[in-house]
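Peer 1: sharing a sequence plus its predicted fold:
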Amino acid sequence: MTDRDTAFAEYFAARSDAMRGTAYLLCGDWHRAEDLTQVAFTKLYLAWDRVSRHEALDGYVRQVLFRAFLDERRLGWWHRVRVTDLPLDGATHDRSPDDRMAMIAALAAVPARQRAVLILRYWEDLSVEETASLLSCTTGTVKSQAARGLQTLRTHLETSSHSHATRNRI
């Protein structure tokens, strides 16, 4: 194994789980998240010698990941491949499984571009400027997409909460 391969393998081992988690939040499917993560790290490996600042690797991989997700959405892959409406599996958190499922379902209902902004801003904790740079848009677009995305997320969570309360009364 060369020094290049060793350095890449170390970076992959350290960051692939975090990137897969981000990919899962984008697409809501662990298998697709694996595919998106694989695309991102494959592109990184191919560009490894050209990436001059290795401290900026997270930003590069994240940008490739988000662009792969958005490209996939534009091509309609999701609609051709998805064959079931079974609940999505997810990571463990402090909230109840019902709360996690409601959040995942609500996040999946947010349009792709808005979802990308929400995940970059609030999951990845990037600034408005970093998010704009990553998505190749203006800071104003990031702000408006975040506001719209949060409103859509709130609406879906409220709807889910009301229907859950109704089911519990029956």
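Peer 2: Received the coordinates, thanks.
Peer 1: lowest-scoring secondary structure element of the protein by mean pLDDT?
Peer 2: helix 77-81 (a mean of 43; mean pLDDT, DSSP states H and E).
Peer 1: following it, which helix or strand comes up?
Peer 2: Remark: after helix 77-81, the chain's next helix or strand is helix 97-109, criterion DSSP states H and E.
Peer 1: can you pull the buried residues of that next one?
Peer 2: 100-107, 109 (16 or more other CB atoms under 10 Å). Using the backbone N, CA and C atoms, a C-beta is placed for each residue, glycine as well.
Peer 1: reformat those as JSON lines; add distance to residue 158.
Peer 2: JSON lines is the format used below for the buried residues of helix 97-109 (distance: CB to CB, whole Å):
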{"residue": "100", "distance to residue 158": "17"}
{"residue": "101", "distance to residue 158": "15"}
{"residue": "102", "distance to residue 158": "10"}
{"residue": "103", "distance to residue 158": "12"}
{"residue": "104", "distance to residue 158": "16"}
{"residue": "105", "distance to residue 158": "13"}
{"residue": "106", "distance to residue 158": "9"}
{"residue": "107", "distance to residue 158": "14"}
{"residue": "109", "distance to residue 158": "12"}
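Peer 1: how about the residue positioned nearest the centre of the chain, what does it touch?
Peer 2: The chain has residue 26 as the residue nearest its centroid, 2.8 Å off, counting by CA atoms, centre = their mean. Applying CB atoms under 8 Å, 6 or more residues apart in numbering to residue 26 gives the contacts 33, 36, 65-66, 69, 112, 115-116, 119.
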